[in-house]
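1. Provided below for reference: sequence and predicted model.
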Amino acid sequence: MTVQFINSSYATGFPTFESMTTETPYQKICQRYYEIEYQNYVYSLSNNNTSCSNNNSQVSSSNNNNKASGANIAVVDFCNDSDSDIDLDGDGIGDMAHGNVVANLIKANTNANVFTFDITKSSSGTTNQKLINNLQTILNDIKSGKRSYDALNMSLSSRITYEDLSKALGVKITKDNVSKYQSQIKNWLINEGAKNGYATTAQAVQLLEQIAATGTSIYIAAANVNDGTDDELNLYTIAANTTSVGALDKSGYKASFSFNNSLIDAWALGEIEVKKVKNSSGKLLGYDLNNDGIVDISGKYTSGGINSSNPFLKGTSFASPYKLSQSIA
C-alpha cells in the first residue's frame, strides 16, 4: 500500500505560510503543505506521539549504527509530533511529523549526529518566522564555533509557475532552460519578489547561500508535481552552491511525481518502503527504513495500526535526505 494521499492545494498568488487559513483539519493540511513537500501524508488529531520534536534537538533511534561519527546534520522541517503528518503503520492515523521521519531516515543510513530545527507554527512564532530564525541560528552556530554542520536538509518548497516567472523577467523560462536564468531569478526574487509575497523565500535563499559558503553541504528537495503538470519551480533551489534533488521511483526511474528541471543536480530514491520489524513472537518492535532488518523508528511512536501491508514514503522530500545520506555515509 501507499501512505494515504491527501491532495494539496498550491496557489501561486499565496506564497507565504502567513497568507493561509486553517478552518478545518483537511483544509489545514492541504494549505499548510502548499509551501512544503507534500505527497503522502495524513492528518492526525492525536497529540501523544513524541520523538525528536524539540527545536535544535538531537535525534536518536534504536538503530545499532547510533554511535556518533563526528558528522553533524541539520534538518529544517516540521518536527513537532503533536502535529503528526506521516502514517507509518498504515492505519490512516498520522504517527510522526514529517521532519522527524526525515531525520530518522538519515540516521538509518548514517552514523551522523542529526539535529532537528522545528518550523511548526506555535505560540513562539509563525512558520515563516521560525524558518528564518532557525536558518539564522544554524549560521550563527557555525560562525561562533558553537557547532559546525557537515550538511543541511530542507525538504520544503516555495513555488512559482514558469509562466509567472516569464512574465516577471520578460523572457521565456521553461523547466528545460531555467538553470540558464538562475542568477536573474535570484536577483528578481530578492529585489522584486520579496516585495510581492516572497519575502520569506528571499531571506531563506540568502541565508542558505551564507550557510553553504561556510562549507556546509545543502540538500533541497526539488518538490513534487501538484496537479499532474510539472509547471512550477521550487524557488529555494535557485540558491547558489546547493544541491537540488529529484526523486527516483523504486525501480530506479525518474518518478512521475517529481519535478524535473534543469536546476536539479542529483537524483535519489524517493519511494521508500517502511517495513515492520517484529520479534520471534510476532510482536511489533518498530519500523525499518533502509531494509537492513533493524528498527529505525520504535513502534511506541506509532498509533498501533495492524495493517498487514507496508506503506511507502513517497516524495522528493525523502529523496533529498536519502541523497544527503549517501554523500556522508
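-> Yep, that arrived.
2. alpha carbons only for contacts and neighbour counts from here, please
-> Will do.
3. Low-confidence ranges, the chain, go.
-> 1-69, 305-308 (pLDDT under 70).
4. rerun at 90
-> Along the chain, segments meeting pLDDT under 90 span 1-70, 81-85, 87-94, 122-125, 194, 196-197, 226-229, 282-284, 299-312, 328-329.
5. for it, what spans make up the helices?
-> Here the chain has its helices, by DSSP state H, at 25-32, 98-109, 127-144, 162-169, 182-191, 199-213, 316-328.
6. Can you check which of the ones you listed gets nearest to Asp230?
-> For Asp230, the closest of the helices of the chain is helix 162-169, at 9.5 Å, according to CA to CA.
7. Quick one: list the elements packing against the closest one.
-> helix 182-191 (3 or more CA pairs under 8 Å, 6 or more residues apart in numbering; DSSP states H and E).
8. now the angle from the helix it packs on to helix 162-169?
-> Interaxial angle, helix 182-191 versus helix 162-169 (axes from the mean of the first three to the mean of the last three CA atoms, to 10 degrees): 80 degrees.
9. how about the helices of the chain in CSV, adding distance to Leu152?
-> Below are those laid out as CSV (distance: least, CA to CA, whole Å):
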stretch, distance to Leu152
helix 25-32, 22
helix 98-109, 11
helix 127-144, 9
helix 162-169, 27
helix 182-191, 20
helix 199-213, 9
helix 316-328, 8
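10. Format those helices as a markdown table; extra columns: mean neighbour count and distance to Thr237.
-> Converted to a markdown table, the helices of the chain look like this (neighbours: other CA atoms under 10 Å; distance: least, CA to CA, whole Å):
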| stretch | mean neighbour count | distance to Thr237 |
| --- | --- | --- |
| helix 25-32 | 18 | 20 |
| helix 98-109 | 26 | 18 |
| helix 127-144 | 18 | 15 |
| helix 162-169 | 15 | 14 |
| helix 182-191 | 17 | 9 |
| helix 199-213 | 20 | 8 |
| helix 316-328 | 25 | 12 |
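11. how about these, which one is nearest Ala247?
-> helix 316-328 (4.9 Å).
12. Good, we can wrap up now.
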